[in-house]
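Sequence first, predicted coordinates after that:
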Amino acid sequence: ANPTGPMHMGNARGGVLGDTLASVLQKSGADVWREFYVNDAGNQIEKFAKSLEARYFQIIKGEDAVEFPEDGYHGDDIRELAQAFYENEGDKYLDCDEKTRHDALAQFGLSVNIPKMKADLARYGIQYDQWFFESSLHESGYVADTVAALTANTQVDLLEQQARQYMPRLAVLYDENAALALKKRLRGTGIEVMAGEEGLLAAAAMTEADTVVTAVMGSVGLRPTLAAIQKGKRIALANKETLVCAGELVMDAAEKYGAEIVPVDSEHSAVFQCLQGCRDRGEVRRILLTCSGGPFYGRTFDELEHMTAADALRHPNWHMGPKITVDSATLMNKGLEIIEAMRLYRLPVEQVQAVIHRQSIVHSLVEFRDGALLAQLGTPDMKLPIRYALTYPYRAESPDKPLDLLTCGALTFAEPDERAFPCLRLARYAAAVGGTACAILNGANEAAVGMFLRGEIGFNDISRRVERALERVSVQYQPSLVDILEADKAARRAAL
């Protein structure tokens, strides 16, 4: 790439790379942004195209150094091939129809990179119009964002596979020993490998990423999420504990730095979608978060006393990790989601309620002051809310089979039993208390669930340990991040 910035290898007038040049770029291993700019008669794109064309010819004529790795192609080679491209293939896709352009795009593996397009336009003094550019690009299916970083906890094999497939600049494993193993496996790929919280923070703050998916388990996601917010990123939030522990802090920071938070949890994504037509949050009477009831629906508290981890991990509808599956069994997951909804939508706890819906088809509802109820329905599949969080405000085409109302069966609703499942009551209590109470609730629950999964305590002991922590740990009001993290540590000690 040229030393002053990324070299844009694409037809300046709206086409795609020719076979020859694309092959050279692939073989060279050069760090080159390969982009596709949709041909359009608009003045902005025409002006942009001419500017890029002038830039390319500067490169072709040798007015700029174009350097590649020592074992790859160098300036003379690339200039010669680029010249051949312009002379022989430059007009190939200029006046073709949409399908031909789309097929050509898929053939060469090229895509528009929206963050880079914004930067390019600014460099040439052109104002970026979100609707003008992004709506046409998304509707045409031309946007395929690149992956800047991948992170995981301990799964070396899977992260290696994904890293080799998507070639991010950074790969992070939270476990240090796992990170060392991954570093050896990825040697020679050019992918940097980091470990621990330092690695998560680095991934969250990468300048080339415009969207950060925060899906790490538990309160460990708090600092990386704040780091991404402080860089003004879009946050695709799948870590509910971030808002449970520090909701006001996080939402205030998002407002301060202009970061957009789009929920990934199926329930909060449903609410988010139902609120798209809401002009004024004062029109919302209440939010109804649906809950499957977990594997122990209908059992009494006494009947739950001797349930094992194996029993708790048999969720009827969803396939999830062990911690969140146990939380679903105790209904703590729904309690945490009530707190998360309060923070996301700035509503008091009284306006957020849970309702049992065994089929997991209605993902949540919003009731408005005129009595209207809006709901989002779909199959119990997390791909839909994840896809929506990544493409919002657009909807990408899905290859998955949609919900069939004629075959999905009856949809039922019931009130949760807080006597049998006291964790839901404790979560509502912590939400009403405020301050660090929610961080205490979450920290104690994480510790207690860990002990239950290891066979150290019984199922009902989870709620007992959480209640004990709420009684023993002092609540701090208007807490700082340090206060929240200290409350989390104190709660974990109290739960032991």
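Perfect, I can see it now.

which residues in the stretch 201-350 of the chain form helices?
Residue ranges of the helices in the stretch 201-350 of the chain, as given by DSSP state H, counting those that start in this stretch, are 222-230, 240-257, 266-274, 309-312, 322-330, 332-345.

quick one, what contacts the nearest residue to G443 once chain neighbours are set aside?
Nearest residue to G443, sequence neighbours excluded (C-beta to C-beta, 6 or more residues apart in numbering): A491, at 3.4 Å. No exception for glycine: its C-beta is placed from N, CA and C like everyone else's. Neighbour list for A491: 439-444, 447, 469, 473 [criterion: C-beta atoms under 8 Å, 6 or more residues apart in numbering].

Let's see that with 7 Å instead.
439-440, 443-444, 469, 473 (C-beta atoms under 7 Å, 6 or more residues apart in numbering).

How about the backbone phi and psi for L403?
Backbone geometry at L403, expressed as degrees, to the nearest 10, gives phi -60, psi 130.

could you measure the residue nearest to G443 against K240, distance?
17 Å (C-beta to C-beta, to the nearest Å).

And the pLDDT for the residue nearest to G443?
Per-residue pLDDT puts A491 at 97.

Compare the helices of the stretch 201-350 of the chain and give me the one nearest L403.
helix 266-274 (12.8 Å; C-beta to C-beta).

Can you tell me the element the residue nearest to G443 falls in?
A491 is part of helix 481-495, with elements assigned from DSSP states H and E.

got the angle for that helix vs helix 240-257?
170 degrees (axes from the mean of the first three to the mean of the last three C-alpha atoms, to 10 degrees).

Helix 481-495 to helix 222-230, inter-axis angle?
Angle, helix 481-495 to helix 222-230, by the same axes, to 10 degrees: 160 degrees.

Restrict helix 481-495 to CA atoms and write it as PDB.
Output of helix 481-495 as PDB, limited to C-alpha atoms (Å, rounded to 0.1, in the frame of the first residue of the first chain):
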ATOM      1  CA  LEU A 481     -16.700   2.900  37.700                       C
ATOM      2  CA  VAL A 482     -14.300   2.100  40.600                       C
ATOM      3  CA  ASP A 483     -17.300   1.900  43.000                       C
ATOM      4  CA  ILE A 484     -19.100  -0.500  40.700                       C
ATOM      5  CA  LEU A 485     -16.100  -2.800  40.300                       C
ATOM      6  CA  GLU A 486     -15.500  -2.800  44.100                       C
ATOM      7  CA  ALA A 487     -19.200  -3.700  44.700                       C
ATOM      8  CA  ASP A 488     -18.800  -6.600  42.200                       C
ATOM      9  CA  LYS A 489     -15.800  -7.900  44.100                       C
ATOM     10  CA  ALA A 490     -17.500  -7.500  47.500                       C
ATOM     11  CA  ALA A 491     -20.600  -9.300  46.300                       C
ATOM     12  CA  ARG A 492     -18.600 -12.300  45.000                       C
ATOM     13  CA  ARG A 493     -16.900 -12.600  48.400                       C
ATOM     14  CA  ALA A 494     -20.200 -12.400  50.200                       C
ATOM     15  CA  ALA A 495     -21.700 -15.200  48.000                       C
END
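
Now do R454 against P322, distance only.
Using C-beta to C-beta, R454 is found at 11 Å from P322.

So if I had to pick from the two, which one is more boxed in?
Set R454 next to P322 and count neighbours by other C-beta atoms under 10 Å: P322 wins out with 15 against 9.

Tell me the spacing between that one and C291.
19 Å.

Export the contacts of A491 as a markdown table, with columns for neighbour count, pLDDT and distance to R346.
Below are these laid out as a markdown table (neighbours: other C-beta atoms under 10 Å; pLDDT from 0 to 100; distance: C-beta to C-beta, whole Å):
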| residue | neighbour count | pLDDT | distance to R346 |
| --- | --- | --- | --- |
| A439 | 30 | 96 | 19 |
| I440 | 30 | 97 | 22 |
| G443 | 30 | 96 | 24 |
| A444 | 30 | 97 | 26 |
| A469 | 26 | 98 | 27 |
| V473 | 25 | 98 | 26 |
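
Okay, and the residue nearest to D175 when sequence neighbours are not counted sits in which element?
Excluding the flanking residues, the one nearest D175 by C-beta to C-beta, 6+ apart is T154, at 4.5 Å. T154 is part of no helix or strand when elements are defined by DSSP H and E.

Leaving out sequence neighbours, find the closest residue to L424.
L331 (4.3 Å).

And the contacts of A491, which two are furthest apart?
A439 and A469 (10.4 Å).

OK, contacts around the most centrally placed residue in the chain?
Closest residue to the average C-alpha location of the chain: V213 at 2.5 Å, with C-alpha atoms, centre = their mean. Counting by C-beta under 7 Å, 6+ apart, V213 makes contact with 236, 238.

Could you measure from it over to R387?
12 Å.

which residues does E192 bridge with?
For E192, the beta-bridge partners are L170 (DSSP bridges).

please begin residue numbering at 747 from this point
Yep, numbering from 747; the last one is E938 now.

That one against L916, yeah?
Yes. With contact defined as C-beta atoms under 7 Å, E938 reaches L916; the gap is 5.0 Å.

So those two - more neighbours on which side?
Neighbour totals were compared for E938 and L916, and L916 leads with 20 against 15 (other C-beta under 10 Å).

So that one sits against T935, correct?
No. With contact defined as C-beta under 7 Å, L916 does not reach T935; the gap is 11.7 Å.

so where do the strands sit in the stretch 997-1146 of the chain?
Counting by DSSP state E, counting those that start in this stretch, the segments of the stretch 997-1146 of the chain that form strands are 1006-1009, 1030-1037, 1098-1102, 1108-1114, 1119-1123.

how about JSON lines for these, with distance to A955 and mean neighbour count added?
Formatted as JSON lines, the strands of the stretch 997-1146 of the chain follow (distance: least, C-beta to C-beta, whole Å; neighbours: other C-beta atoms under 10 Å):
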{"stretch": "strand 1006-1009", "distance to A955": "13", "mean neighbour count": "21"}
{"stretch": "strand 1030-1037", "distance to A955": "30", "mean neighbour count": "21"}
{"stretch": "strand 1098-1102", "distance to A955": "31", "mean neighbour count": "20"}
{"stretch": "strand 1108-1114", "distance to A955": "28", "mean neighbour count": "21"}
{"stretch": "strand 1119-1123", "distance to A955": "28", "mean neighbour count": "17"}
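
For T1158, find the nearest of those strands.
Counting by C-beta to C-beta, T1158 lies closest to strand 1098-1102 out of the strands of the stretch 997-1146 of the chain; the figure is 8.2 Å.

what does that closest one rub up against?
The contact list for strand 1098-1102 (C-beta under 7 Å, 6+ apart) reads 1032-1037, 1039, 1043, 1080, 1084, 1087-1088, 1159-1162, 1170.
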